[in-house]
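Engineer: after the sequence you'll find the predicted model.
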Amino acid sequence: MQKWIGFLSGSLFGAGLFVSGMTDTTKVQGWLDVFGDWDPTLAFVMGGAILPMAIAWQISRRMRHPYAGQAFPAASGQVDRKLIIGSVLFGIGWGLVGLCPGPAVASISYGGMGGAVFLIAMLIGMRVAPLVRSGLDRFVAAE
């Protein structure tokens, strides 16, 4: 049951990205071009996502456990060096390419060679990141 809920949720998310145009890299990059041909579409998409998510958080606070799981994941709320560095790297990549993981997967069927290269690079990065992180942790611990 959990896998079906995940599949349906992911499909709904992908459809929302497609319908809103967020799989189009020029829309995302247009949002970031505040001194040029600025496109406010992303603000409306984010606003449309924040309201239902805020309601879902309020509902989940009253629940003992999720419908399709044992427990809700614990939020650390900790802002540390890893979070900041990861956020900066994510933002740089998102701004340069105009894609993040969700839209990259959603656009694979029509993104052309550029979309495929991005997806492959993203998957390689996901495999390499834990190795780099553990190496950095060992380096910092040795200081």
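Structural biologist: That came through, no problem.

Engineer: mind checking the longest helix of the chain?
Structural biologist: Criterion DSSP state H: the longest helix present in the chain is helix 112-142.

Engineer: what about that one, distance to the chain center?
Structural biologist: 15 Å (C-alpha atoms, centre = their mean, to the nearest Å).

Engineer: so, low pLDDT: which residues of the chain?
Structural biologist: Residue ranges of the chain with pLDDT under 70: 111, 143.

Engineer: so how many other residues sit close to the residue lying closest to Pro40 once chain neighbours are set aside?
Structural biologist: Spatial nearest neighbour of Pro40, excluding adjacent residues (C-beta to C-beta, 6 or more residues apart in numbering): Trp31 at 7.2 Å. Glycine gets a C-beta too; all of them are placed from N, C-alpha and C. Residues lying near Trp31 (other C-beta atoms under 10 Å) number 19.

Engineer: using the three-state scheme, assign Trp31.
Structural biologist: Under the three-state scheme (DSSP: H, G, I helix; E, B strand; the rest coil), Trp31 adopts helix.

Engineer: my guess is it contacts Phe44, does it?
Structural biologist: No. With contact defined as C-beta atoms under 8 Å, Trp31 does not count as touching Phe44 (10.3 Å).
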